[in-house]
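A.B. asks: sequence first, then the predicted structure:
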Amino acid sequence: MKSSRTRRALKVTVAGLATWLLIDPAMVTAQSGNPPTWGAESSPSPTAGKDVSNKANASADRGMYSEIEYSNASKPGPALIVIPGEIKSNNADFVERFLPNNIADFVELELTRANFQVLERAALGPVLDEFVLAYNLGDPESAAQLKKGRLKTTKWVVKFDILKAEHAASQKKGFKGDVASSLIGILGGSSRATSAASTVAGSIDTRSTAGVWVIGMRYRIIDANTTEQVAQGYTEEKMEVGAQEGSVAGLESGAAGGVSLDTMVQRLVQKSVWDIDQKYK
């Protein structure tokens, strides 16, 4: 009985607090269950909330990280370790931006979400370099010596490599009004209307460019005991980066963007982990 009175008193207190804070009591639980978000009003940018900001944010939203649902996530996967892969591309832009450890970090994140038992590389400490060398060389004796403690239960060693990162194609398109302005002046005579039209035409300058990258990723699953390859897979994606700008009669506009290399690597990792989750659990 006393417990029932306590619960009723607690409900009254919560409802009263919500009213005092001008919050609908029914929303208290819902709000507490949602992650924090920050809107345009929290940005100190002078363009926040304006049309140019809204368009830029809408473009950026399309390139943000999105979780994917792994269909077999309810089924636990085997214990594994992700070792840094190789970046075999000679593209300077890509190599400057990424190290094999960056890619391995993304892989650990997604494999954990897919319910694999991932032993973090940090847990290996100074043994990591020897561990990576043993499996890269396919040396089962060295690998067996290293499989101690928490490593005893490890079934797989997983490695993700970038095999391709190339700027595959580009296109450019534009219009300059100089020639059109001259033609209007020649064909239209010397009236004020012709002069105005010629001036506007001469002020037109529009340019748009698009470049497409192709990035390919391979994963390999290695038996932790024998160092033999159990399975492998390959996937690739296109990444477009574009820009558009122009000016007419003194009014300028422009936009640039595209999916970043970081996002492309994340998406390739997600596709590869999805494949592993489907085929090898």
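C.D. replies: Arrived safely. Numbering: from 1, shown residues only.
A.B. asks: quick one: low-confidence parts of the chain?
C.D. replies: For the chain, the stretches flagged by pLDDT under 70 are 1-33, 39-41, 47, 52-53, 56, 59-60, 63, 149-150, 168-211, 240-260.
A.B. asks: do you have the strands of it handy? List them.
C.D. replies: Assigned by DSSP state E, the strands in the chain fall at 79-83, 117-118, 156-176, 205-223, 229-248, 251-258.
A.B. asks: mind checking how far the residue nearest to S272 when sequence neighbours are not counted is from V82?
C.D. replies: Nearest non-adjacent residue to S272, counting by CB to CB, 6 or more residues apart in numbering: Y219, 4.5 Å away. No exception for glycine: its C-beta is placed from N, CA and C like everyone else's. Relative to V82, Y219 is positioned 10 Å away (CB to CB, to the nearest Å).
A.B. asks: what do these two both touch?
C.D. replies: Common contacts of Y219 and V82 (CB atoms under 8 Å, 6 or more residues apart in numbering): 158-160.
A.B. asks: what is the nearest of those to T37?
C.D. replies: Distances from T37 to the shared contacts of Y219 and V82, taken as CB to CB, are shortest for F160 (31.8 Å).
A.B. asks: contacting residues around the residue nearest to that closest one when sequence neighbours are not counted?
C.D. replies: Leaving aside its chain neighbours, F160 sits nearest to G85 (4.5 Å; criterion: CB to CB, 6+ apart). For G85, the contacting residues are 100, 103-104, 159-162, by CB under 8 Å, 6+ apart.
A.B. asks: which of the residues you listed lies closest to T153?
C.D. replies: Nearest to T153 out of the contacts of G85 is K159 (CB to CB; 19.1 Å).
A.B. asks: that closest one: how many residues sit nearby?
C.D. replies: When neighbours are defined as other CB atoms under 10 Å, K159 has 25 of them.
A.B. asks: how about it, what does it touch?
C.D. replies: By CB under 8 Å, 6+ apart, the contact set of K159 is 82-85, 135, 219-220, 222.
A.B. asks: and if you look at P140?
C.D. replies: By CB under 8 Å, 6+ apart, the residues touching P140 are 225-227.
A.B. asks: swap in 6 Å and give it another go.
C.D. replies: Counting by CB atoms under 6 Å, 6 or more residues apart in numbering, P140 touches 226-227.
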